[in-house]
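>>> pasting the sequence and the predicted model now:
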Amino acid sequence: ALGLEAILVYGYFANKARASLAATEKSPLSEQISYSWPLGLSMLVGMLGLNIDRLIISTSDTPDEYAVYARGAFDLPFVGMLPALLMDLILPRCAELWARNEKAEMMRLVKESMRRAALVLYPIGFVCFVLADEIIVVLFTNVYSASVPIFRIQLLTVLFQVMTLDVVFRSSGNTKRFLSIAVMVLVTRGLLTIALIPMLGIEGAAVAGLLSKVLVTLLYVKLASDELSLPWVAVVPWKECIKISLLSAGVAACILPITWLGAPKIIVLASGGALFGVLFVVVGIYGRGFSQADLLLLRRFLGVKSAGQAV
């Protein structure tokens, strides 16, 4: 299954190569292959790196322990998809800007995409952190309540998921960077998992995944800054991400008392999620956490017409 997925993903990136290369004319086949093969190989290595913790636990621990770990170490829907989708949308424009050496404008687009991704994923991550017990029990029953700490550790990786800088290397054509990063994920996550499981139990594998994500994100930032000849602080919207994370964490803390009521898990989950959504929007609007473009998208999503539109 993994091999089939790798072939499909490889074909996808090979097809995208034509539009992603900075040159406007049709590129030679050799150039397309040179651009695409590191992407395809990095997919194979990357899938192994993302699942190396499960492989290690499945061979070193009992089936019950593996089941507990697997139930907690799952990715939230759209967490990995949304940042990648946003980067795909701006990729043609970024390739064009790279060809014209307009790197400042290119990074403005990339950083705005990161901020938009954070505005969606950070609130989801924090509310799920607070309601982790309810989510696990509702999805998998009380049998897997031991998965809650693992799930909470996994949720912390969301903070780094938005810092997707693939578009920099895809625009420059330096796709060999992907392969080096995929190898680092495999090596660091594997070694950290082996080292931390004896000390922390199966939770050590989740901690290894988090530490590996931090290290790889820092490497991504460093390599992207070198590629762009910009300081590392200029390639990620640090202030905006911190602001959104603080806003999300503050609102999540406000709904924490709901989890103390002793109500059925499904009711706590539904009411806590709804209250978080309302509070986040209200605090974001009145606390000026949203830009005008964000407010416009929010109005469209809610079906609310702006003052200048006909009713």
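Perfect, I can see it now. Numbering: from 1, shown residues only.
>>> what is the least confident helix or strand in the protein?
helix 2-20 (a mean of 52; mean pLDDT, DSSP states H and E).
>>> so what's the nearest residue to I153 once chain neighbours are set aside up against?
Among residues not flanking I153 along the chain, A206 sits closest, at 4.0 Å (Cβ to Cβ, 6 or more residues apart in numbering). From N, CA and C alone the C-beta is placed, and that goes for glycine too. For A206, the contact set (Cβ atoms under 8 Å, 6 or more residues apart in numbering) comprises 53, 69, 72-73, 149-150, 153-154.
>>> where in the stretch 51-200 of the chain is pLDDT low?
78, 80 (pLDDT under 70).
>>> re the thing from before, in which helix or strand would I find the residue nearest to I153?
helix 203-228 (DSSP states H and E).
>>> buried sites along that helix?
By neighbour count on 16 or more other Cβ atoms under 10 Å, the buried set for helix 203-228 is 203-213, 215-217, 219-221, 223-225, 227-228.
>>> equivalent analysis for stretch 193-201, please.
193-194, 196-197.
>>> now go through those residues and say which are in helices.
193-194, 196-197 (DSSP state H).
>>> most widely separated two among those?
Using Cβ to Cβ, the two most remote members of those are I194 and L196, lying 7.8 Å apart.
>>> all helices for the stretch 201-311 of the chain, in order.
Secondary structure of the stretch 201-311 of the chain (DSSP state H, counting those that start in this stretch): helices located at 203-228, 238-255, 265-286, 292-302.
>>> output these as a markdown table; include the columns mean pLDDT.
Below are these laid out as a markdown table (pLDDT from 0 to 100):
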| stretch | mean pLDDT |
| --- | --- |
| helix 203-228 | 92 |
| helix 238-255 | 93 |
| helix 265-286 | 91 |
| helix 292-302 | 70 |
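>>> pipe these into a markdown table and attach distance to I90 per row.
Formatted as a markdown table, the helices of the stretch 201-311 of the chain follow (distance: least, Cβ to Cβ, whole Å):
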| stretch | distance to I90 |
| --- | --- |
| helix 203-228 | 15 |
| helix 238-255 | 17 |
| helix 265-286 | 23 |
| helix 292-302 | 14 |
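>>> so which of the ones you listed gets nearest G125?
Nearest of the helices of the stretch 201-311 of the chain (Cβ to Cβ): helix 238-255, 7.3 Å.
>>> distance between that closest one and the chain's centre?
16 Å (Cα atoms, centre = their mean, to the nearest Å).
>>> do the same with stretch 152-171
That offset, for stretch 152-171, works out to 4 Å (Cα atoms, centre = their mean).
>>> distance of P38 from I57?
30 Å (Cβ to Cβ, to the nearest Å).
>>> do A182 as well
On the measure of Cβ to Cβ, A182 and I57 end up 21 Å apart.
>>> likewise G284?
39 Å.
>>> repeat for L218
For L218 relative to I57 (Cβ to Cβ), the value is 26 Å.
>>> quick check: nearest residue in space to the spatially most central residue of the chain, chain neighbours excluded?
Against the mean C-alpha coordinate of the chain, by Cα atoms, centre = their mean, the closest residue is Q161 at 2.4 Å. Of all residues not flanking Q161 in the chain, V79 sits nearest, at 5.4 Å (Cβ to Cβ, 6+ apart).
>>> does the one you found count as helix, strand or coil?
coil (DSSP: H, G, I helix; E, B strand; the rest coil).
>>> tell me the contacts of the closest residue to S60 other than its chain neighbours?
Among residues not flanking S60 along the chain, I197 sits closest, at 7.0 Å (Cβ to Cβ, 6+ apart). Listed by Cβ under 8 Å, 6+ apart, the contact partners of I197 are 56-57, 60-61, 204-205, 208.
>>> now A263
S271.
>>> so I202 touches E65, yeah?
Yes. Using Cβ atoms under 8 Å, I202 is in contact with E65, at 5.4 Å.
>>> common neighbours of these two, please.
I57.
>>> looking at these two, which is more packed in?
Set side by side, I202 and E65 show more neighbours around I202, with 25 against 15, by other Cβ atoms under 10 Å.
>>> run the chain-centre distance for stretch 112-119.
Worked out by Cα atoms, centre = their mean, stretch 112-119 lies 11 Å from the chain centre.
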